[in-house]
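Peer 1: Pasted the sequence and its predicted model underneath.
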Amino acid sequence: MQSWVQGIDETPCAMICPEIGRTRSAYLYAQYGDSAHPYMHFAFASHKDEENVRRIAGTYEGYLQSDAYICYELIVAASANRIIAVGCRAYAGRKFEPLIDAGPHPQAAWILGEIQKLYDIEDRARDMTDDNRTEAVIKGPVMGKKAWLFFGNEQAGETAAVFYTLTMTCKRHCIDVQAYLLDVFRRRRTATPAELESLLPDRWIQTHPEARVGQRVQESHAAAARKRQRRVRRRSAVPSG
């Protein structure tokens, strides 16, 4: 991804392992692009280790927003300042808000006061304030694996990553996934390299406006309104001193 800030998260998925006669954990990693690069990318990894995380990050340069998983910290440390770690405001706030709810707590009040300052510059830092959007994207396979249960092998995991990349990016742009996939699969064999960019979901929908899902647009607007309301409540709830 070319995003100046990129969110990353992962979820375990069961995969059949003939060598041990049962399933074991493999992983799908979700990468969330910023507003200038509005794409999701999923990558499959047979193991959750530094080598696979480094492969997934590739030659990325920019801000990497994640939880405190040690492998993310290791690749940041080894990147010679090519990657800069970014924390998640939502993760931080979750630990301190219950302390405030339980009664006066000066240290928690100070921390939430510092978080308040982030709200004041949120319009400029909206791509970096929290990792909730990446968490929401990873819910695609989290919910999906309750239906498909496991990967049959590593190739199945790679295939799933491709499909989640396409389908979750479509959902980000409120696109009818079936209409998109039917058209793209029909055209991909004859498309020239120069035409492939036009098949990206955000480009494709510009020439296929009938495929925009109105209900999802309404849900997106409603979710944005609820988020604004939560911001107002949180700002008013943060102690001033």
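Peer 2: Good, I have the coordinates.

Peer 1: list the contacts for Ile47?
Peer 2: Not quite, residue 47 is His, not Ile. By C-beta atoms under 8 Å, 6 or more residues apart in numbering, the contact list for His47 reads Ala26, Tyr27. Using the backbone N, CA and C atoms, a C-beta is placed for each residue, glycine as well.

Peer 1: what's the pLDDT at it?
Peer 2: With respect to pLDDT, His47 scores 89.

Peer 1: just Arg126 next, same as before
Peer 2: At Arg126, the model reports a pLDDT of 56.

Peer 1: In contact with His41: list those residues for me.
Peer 2: Residues near His41 by C-beta under 8 Å, 6+ apart: Met1, Ala30, Gln31, Gly33, Thr165.

Peer 1: gap between it and Met15?
Peer 2: Distance of His41 to Met15, computed by C-beta to C-beta, to the nearest Å: 20 Å.

Peer 1: I'd like the next helix or strand past the helix or strand of the chain with the lowest mean pLDDT.
Peer 2: Using mean pLDDT, DSSP states H and E, helix 122-125 stands out as the lowest-scoring helix or strand of the chain, at a mean of 57. Remark: after helix 122-125, the chain's next helix or strand is helix 132-148, criterion DSSP states H and E.

Peer 1: mind listing what's buried in that following helix?
Peer 2: Neighbour counts over helix 132-148 (16 or more other C-beta atoms under 10 Å) mark Arg133, Thr134, Glu135, Ala136, Val137, Ile138, Gly140, Pro141, Gly144, Lys145 as buried.

Peer 1: What's the local residue count around the residue nearest to the second one when sequence neighbours are not counted?
Peer 2: Counting by C-beta to C-beta, 6 or more residues apart in numbering, the nearest residue to Thr134 once its immediate chain neighbours are dropped is Gly7, at 3.4 Å. A total of 28 residues lie near Gly7 under the criterion other C-beta atoms under 10 Å.

Peer 1: swap in Cys174?
Peer 2: For Cys174, the neighbour count with other C-beta under 10 Å is 19.

Peer 1: Hmm, Gln218 and it touching each other?
Peer 2: No - if you go by C-beta atoms under 8 Å, Cys174 and Gln218 don't touch, sitting 9.2 Å apart.

Peer 1: right, and the helix or strand after the longest strand along the chain?
Peer 2: If you go by DSSP state E, the chain has its longest strand at strand 5-17. For strand 5-17, the following helix or strand on the C-terminal side (DSSP H and E) is strand 22-32.

Peer 1: what mean pLDDT would you report for that next one?
Peer 2: In the prediction, strand 22-32 has an average pLDDT of 94.

Peer 1: tell me how far that strand is from the chain's mean position?
Peer 2: 14 Å (C-alpha atoms, centre = their mean, to the nearest Å).

Peer 1: What helices and strands are in contact with it?
Peer 2: strand 5-17, strand 40-45, helix 50-57, helix 132-148, helix 154-172 (3 or more C-beta pairs under 8 Å, 6 or more residues apart in numbering; DSSP states H and E).

Peer 1: Save these as CSV, and put in distance to Cys88 too.
Peer 2: What follows is the helices and strands packed on strand 22-32, written out as CSV (distance: least, C-beta to C-beta, whole Å):
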stretch, distance to Cys88
strand 5-17, 8
strand 40-45, 17
helix 50-57, 17
helix 132-148, 8
helix 154-172, 19
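
Peer 1: Out of those, which is closest to Val213?
Peer 2: Checking the helices and strands packed on strand 22-32 against Val213 by C-beta to C-beta gives helix 154-172 as the closest, at 8.9 Å.

Peer 1: centroid residue for this protein?
Peer 2: Thr134 (2.2 Å; C-alpha atoms, centre = their mean).

Peer 1: And that residue, how far from Gly113?
Peer 2: Using C-beta to C-beta, Thr134 is found at 26 Å from Gly113.
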